[in-house]
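> What shape does this take:
(chains A and B, ligands or ions: 1)
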Amino acid sequence: MTVQRIETAVTRPADADLDLLLMTRHFELTLLRLFESGLIGGTTHTCLGQEHVPVALRPLIDDADHVFSNHRGHGHYLARFGDPHSLLAEIMGREGAVCHGIGGSQHLRRDRFLSTGVQGQNVPVAAGAALALKRREPGQLALVHIGDGSWGEGAIYEALNMASLWRLPLVLVVENNGIAQSTPTAEHLAGSITGRAHAFGIDHISVRGTDVTAIRKRLRQPMMRVRTHPRPLVIEFETIRLGPHSKGDDTRDAAVLRALKEQDWYARYERAYPEQFAAADRRQRDLAERCAREVTARPLVRRNEGENPR
Amino acid sequence: MVRSQRERVSENLNRALHAMLEKDPRVWMIGEDVSDPYGGAFKITKGLSGRFPDQVVSTPISEAGIVGLAGGLALSGERPIVEIMFGDFVALAFDPILNLLSKSVGMYGRRVPMRTVVRCPVGGNRGYGPTHSQSPQKHLIGIPHLNLYELSPFHDCSALFGRMLAAGEPAVLFENKILYTERMYADSTVDDLFSYDFPASSDGCARVFLGSPDAADVVVIAPGGLTGRVLDAARRLFLEHEIVCLILVPVQLYPFDASSLPPAIAGAGRIVVVEEGTAGGGWGAEVAACLYPRLWGRLRAPIRLVTSADRVIPAARHLEDEVLVQADTVYDAVLEVAGA
Ligand SMILES: Cc1ncc(C[n+]2csc(CCOP(=O)(O)OP(=O)(O)O)c2C)c(N)n1
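Predicted structure coming up:
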């Protein structure tokens, strides 16, 4: 059966990868619990089902590269910094918050990492960063994450045009999870993302599955080429959104959600490498719980005019 | 009527949309995720796509595109209503609003009616963060042929939509998200202290008063989204200081018709204008500019503007509270003006 073949084919993950995957998973699950118990308000979007994307990319990016993230960016942040405390503190508005509680879940900035809550906004910004890198720091690249839904925004096409014309070292990572808020991809996107990339003379790579080792192996060469021969590249991950869009706003059938769960990397790794998985799962579950306890106990961030200047 | 039985503002709005689509097949509802079962990010479009499948369009995430599309429909004699999921993203549609919708009315040598409404859920106090909490009203003030309105718990939405579409000019309707779960007021009663009415000459402005509508120490002018906070402040000002506020809630923000305001405004001589937008170049300044020439010589204190702070709106609730206008902000301002 095909399903079994895929499962046995999952490469044994490096401990560090498995830990990062599970750190992200348990972080997001913890967030949803904190929301339910009223300890967090506002809005947030979890990346449940998509954690493997930034984990696979992690070693292909170095600290001098820019990463631009979107509204569903917790996994991107954790993959880059491995620091759940500063992120949870930001979301909870508590001490140690990476942006002093002003940005919140969708507006994170740290070193060369920047996220936005405005769809499509980050692609021209990433193109600008790529232009600066090309000029000042050749060999570095700017990587930007967007969803399938963001392809509705015109700003993306303006950016792709410039990036291709000017041969910018820009990697556009599309996390195509088949849905935008409540709208299935087939109902918001005509043609294909491949076709759209090709229209600008930009290479497009399709990535299926959740095997981080295999995905990374496949992407190493093309990512290296972006550095040595600057040109934009579109990498489209076919992925799934396991959770609600935000909180409690999932209108999909239970049957659909069950089918998606079958494709979750979590179950696949658990079945393929039970002992390694169990140990890492315990570690990361504990870490998430400790993190939640510790951050929840911190005082609220104090107002500091300097941090939210006029 | 018992408080809990009154219709919620969101229900009133949803009912108005149902009525508009039912009454006129040229009325459309267009926006991101507006179809059932989702029914829009704030559930305002619930039930519309099932009843009027040909008039409801769930779109890609394309604010500029959607508003441009609405322009094309309006130029073809249709009456599109567009929902911008969060009013903050009206920024992406600024060009079609400025250079297409409003211009089309007046740049072709003879008037071209553009019957369209752009609905913008706005405002904070929900912890949604810097790009999902703003009140962008001020950015759209002063555009010829563009009318700005604001949702209120006093004004019935069916009448409001009728008015906006009848004007033949494009409208932007600002809907303070905080109102969606609030109840509409009915039967001239606000609570045990305050009553309200709609003076005949006043362009639909609601007048909220304590005792007599003609006598007040301070007149507070505030759009619908501020109603709860202003009422809170007015109540406490009366109970603690016996300061009597008359609250005026205009439904049309721009153009602002100062000539239609009730005469009590001159009698009091003390005026506070409140808005949730951040300080600087705001709606309150526009209102004050309209009022000064009319009231010059009769004012006992400068018109006092109350706005949110000139800052980014933080995501953390306790920080957000300090930046946005709250009941206390209004209370302090009125107290100061009353003593002036
Ligand atoms: C300019 C703009 N319009 C609308 C939204 C509201 N919104 C937030 S996420 C989202 C859906 C995004 O879908 P997709 O790009 O597929 O990413 P996913 O949520 O599936 O990760 C929408 C419509 C927004 N944040 N910004």
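
> Report the spatially closest residue to residue B:183, excluding sequence-adjacent ones.
residue B:6 (4.1 Å; Cβ to Cβ, 6 or more residues apart in numbering or on different chains). C-beta coordinates here come from the backbone N, C-alpha and C atoms, glycine included.

> Tell me which residue lies nearest the centroid of chain A.
residue A:76 (4.1 Å; Cα atoms, centre = their mean).

> residue contacts, the residue nearest to residue B:183?
B:183, B:184, B:185, B:186 (Cβ atoms under 8 Å, 6 or more residues apart in numbering or on different chains).

> Restricted to buried residues, select these in ChimeraX.
Only the buried entries of the contacts of residue B:6 go into this ChimeraX selection, using 16 or more other Cβ atoms under 10 Å in any protein chain shown:
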select /B:183,184,185,186
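
> Of the contacts of residue B:6, just say which sits nearest to chain A.
Distance to chain A across the contacts of residue B:6 (Cβ to the nearest Cβ) is lowest for residue B:183, with 22.2 Å.

> which residues in the chain form helices?
I went with chain A, as the question did not name one. Under the criterion DSSP state H, helices of chain A are mapped to A:2-9, A:15-36, A:52-57, A:74-81, A:84-92, A:122-136, A:154-165, A:185-188, A:193-199, A:212-228, A:254-262, A:265-272, A:274-297.

> my bad, the chain I had in mind was chain B
Counting by DSSP H, the helices of chain B are B:9-23, B:48-51, B:63-75, B:94-95, B:102-106, B:157-166, B:227-241, B:264-268, B:283-295, B:317-323, B:327-339.

> Could you say which one of these comes nearest to the ligand?
Of all the helices of chain B, it is helix B:63-75 that lies closest to the ligand, at 5.8 Å by Cβ to the nearest ligand atom.

> Kindly export the closest one (C-alpha atoms) in CSV.
This file holds the C-alpha atoms of helix B:63-75, laid out as CSV (Å, rounded to 0.1, in the frame of the first residue of the first chain):
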residue,chain,number,x,y,z
GLU,B,63,-8.2,44.2,-1.3
ALA,B,64,-7.1,46.4,-4.2
GLY,B,65,-8.6,44.0,-6.7
ILE,B,66,-11.9,43.6,-4.9
VAL,B,67,-12.5,47.3,-4.5
GLY,B,68,-11.4,47.9,-8.1
LEU,B,69,-13.9,45.2,-9.1
ALA,B,70,-16.6,46.9,-7.1
GLY,B,71,-15.8,50.0,-9.1
GLY,B,72,-16.4,48.1,-12.3
LEU,B,73,-19.7,46.8,-11.0
ALA,B,74,-20.8,50.2,-9.8
LEU,B,75,-19.9,51.8,-13.2
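
> Now that helix: buried residues?
Residues of helix B:63-75 classed as buried under the neighbour-count rule (16+ other Cβ under 10 Å) are B:63, B:64, B:65, B:66, B:67, B:68, B:69, B:70, B:71, B:73, B:74, B:75.

> Spell out which parts of the stretch 151-300 of chain A neighbour the ligand.
Neighbours of the ligand within the stretch 151-300 of chain A, by Cβ under 6 Å from any ligand atom: A:177, A:179, A:180, A:181, A:241, A:245.

> Residue A:97: which of the residues you listed is nearest?
Among those, residue A:245 lies closest to residue A:97 (Cβ to Cβ), at 24.0 Å.

> same for chain A: which of the buried residues of helix B:63-75 are within range?
B:63, B:64, B:65 (Cβ under 8 Å from any Cβ of the partner chain).

> Make TSV out of the helices of chain A and add distance to chain B and mean pLDDT.
Formatted as TSV, the helices of chain A follow (distance: least, Cβ to the nearest Cβ, whole Å; pLDDT from 0 to 100):
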stretch	distance to chain B	mean pLDDT
helix A:2-9	30	49
helix A:15-36	11	97
helix A:52-57	20	98
helix A:74-81	14	98
helix A:84-92	8	97
helix A:122-136	12	93
helix A:154-165	6	95
helix A:185-188	4	96
helix A:193-199	13	98
helix A:212-228	27	98
helix A:254-262	13	94
helix A:265-272	27	96
helix A:274-297	13	98
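
> what's the most buried one of the ones you listed?
helix A:52-57 (a mean of 27; mean count of other Cβ atoms under 10 Å in any protein chain shown).

> Centre of chain B to the edge, which residue is at the far end?
Outermost residue of chain B (Cα atoms, centre = their mean): residue B:109, 31.6 Å.

> neighbours of the closest residue in space to residue B:91 that isn't next to it in sequence, just the number please.
Spatially, and ignoring its direct neighbours in sequence, residue B:91 is nearest to residue B:136 (6.9 Å; Cβ to Cβ, 6+ apart). Residue B:136 has 20 neighbouring residues, counting by other Cβ atoms under 10 Å in any protein chain shown.

> do you know how far the residue nearest to residue B:183 is from residue B:164?
Applying Cβ to Cβ, to the nearest Å, the value for residue B:6 to residue B:164 is 23 Å.

> ok, now residue B:201?
Counting by Cβ to Cβ, the gap from residue B:201 to residue B:164 is 20 Å.

> So the two - more neighbours on which side?
Set side by side, residue B:201 and residue B:164 show more neighbours around residue B:164, with 24 against 12, by other Cβ under 10 Å.

> ok, the more buried one touching residue B:171?
Yes - contact criterion Cβ atoms under 8 Å: residue B:164 and residue B:171 qualify, at 4.0 Å.

> intersection of neighbour lists for these two?
In contact with both residue B:164 and residue B:171: B:117, B:147, B:149, using Cβ under 8 Å, 6+ apart.

> Look up how far the ligand lies from the closest residue to the second one other than its chain neighbours.
What it means is residue B:147. Among residues not flanking residue B:147 along the chain, residue B:171 sits closest, at 4.8 Å (Cβ to Cβ, 6+ apart). Distance, residue B:171 to the ligand, using Cβ to the nearest ligand atom, to the nearest Å: 21 Å.

> Per-residue pLDDT of residue B:171, please?
Per-residue pLDDT puts residue B:171 at 98.

> Now for the residue nearest to residue A:219 when sequence neighbours are not counted: which residues touch it?
Closest residue to residue A:219 apart from its sequence neighbours, by Cβ to Cβ, 6+ apart: residue A:60 at 6.1 Å. Residues near residue A:60 by Cβ under 8 Å, 6+ apart: A:216, A:219, A:220, A:223.

> swap the cut-off to 10 Å and go again
Residue A:60 sits next to A:141, A:143, A:171, A:215, A:216, A:219, A:220, A:222, A:223, A:224, A:226, A:227 when contact means Cβ atoms under 10 Å, 6 or more residues apart in numbering or on different chains.
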